[in-house]
Structures are given as C-alpha cells and as structure tokens.
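K.L.:
got a predicted structure here, sequence first:
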Amino acid sequence: MRRSIPLAYVTASYLDCSTGAQVAKTAQNYCTKIKEAGYIPVCPEMYLSMFLKRNNAKDKVLYKEMSEELLRRCRVLVVCGEPGGETVANDIALAKRLRIAITTLEGIEKVEEYLQKDL
C-alpha cells in the first residue's frame with residue numbers, strides 16, 4: 001500500500017520582497033524546503049498569482065476563496081519567514097478554526113534534523 005504524502009499549506013508575508021520576481025523566488029525556496037521535509041507544498045502565492053491579479057477586485061475575492069479552499073485540504077499550515085501581514089494572520093485564524101496544525105518552517109526543519117539523527 002502506498003503511503004500518502006501530507007499537504008502543507010505555505011503562508012508568508014513577503015513584505016521584505018519589493019518585486020514579483022523576489023516574491024516568486026522566496027516562495028519557491030520555501031516550497032523546496034518543505035518538499036525536502038517530506039510534504040507536498042501548497043503555495044497560493046506561486047500558483048494562484050499565475051492567473052489572478054491581486055489589484056483586480058474580483059480576482060482578489062477569488063484569490064481569498066481559492067486560498068481558503070486549498071488550506072482546508074491541507075494537514076498543516078507552515079508559516080515561513082517573519083510573521084506579519086494580514087494574509088498570514090487570516091491563514092492562521094482559519095487554520096485554528098479548522099483545527100489544522102500550525103508550525104513554522106524552522107519547526108519542520110528541526111523535526112527533519114531530529115528524524116535524520118535517529119535513522
């Protein structure tokens with residue numbers, strides 16, 4: 001029987017990124033680390049921004065709805081980088097309400113290190 005790989009929702013403020021390219025590169029780095037820890041990264045910033053424009057009111061509503069649906073399907077919420085920003089706060093509030101585990105990228109990396117030592 002195949003083991004299922006858990007989904008990890010990636011949230012970050014990206015406040016320190018000044019361009020879309022910097023946001024994409026930062027999000028990609030977070031997703032790579034989460035993948036290396038054994039999770040399937042679900043990152044709305046990388047996926048939804050490909051076809052939704054945040055400065056369009058209609059797309060902004062769709063972005064929020066789609067992001068929330070993706071979070072509902074994940075086993076864990078991973079807060080990356082420095083906490084802050086409305087998006088991160090909303091993601092944490094929804095995860096708490098849905099009883100989805102919340103951790104940081106550093107927390108996942110520490111657990112992965114611990115598991116590597118035991119093997």
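P.N.:
Good, I have the coordinates. Numbering: from 1, shown residues only.

K.L.:
for I102, phi and psi?
P.N.:
Main-chain dihedrals, I102, degrees, to the nearest 10: phi -120, psi 130.

K.L.:
you'd agree it is up against V79?
P.N.:
Yes: the pair I102 and V79 passes the contact test of Cβ atoms under 8 Å, sitting 6.9 Å apart. Just so you know, the C-beta spots here come from the backbone N, C-alpha and C atoms, and that holds for glycine as well.

K.L.:
what touches both of these two?
P.N.:
Taking Cβ atoms under 8 Å, 6 or more residues apart in numbering as the criterion, I102 and V79 both touch I92.

K.L.:
tell me which of the two has more neighbours.
P.N.:
Comparing I102 with V79 by other Cβ atoms under 10 Å, the one with more neighbours is V79, at 23 against 16.

K.L.:
relative to A24, how far out is the more buried one?
P.N.:
Separation of V79 from A24 (Cβ to Cβ, to the nearest Å): 19 Å.

K.L.:
which residues touch G20?
P.N.:
By Cβ under 8 Å, 6+ apart, the residues touching G20 are S49.

K.L.:
where's it relative to M50, distance?
P.N.:
Applying Cβ to Cβ to G20 and M50 gives a distance of 11 Å.

K.L.:
isn't there a helix covering G84?
P.N.:
No: counting by DSSP: H, G, I helix; E, B strand; the rest coil, G84 is not part of a helix but coil.

K.L.:
am I right that Y30 is in a helix?
P.N.:
Yes: under three-state DSSP, Y30 falls within a helix.
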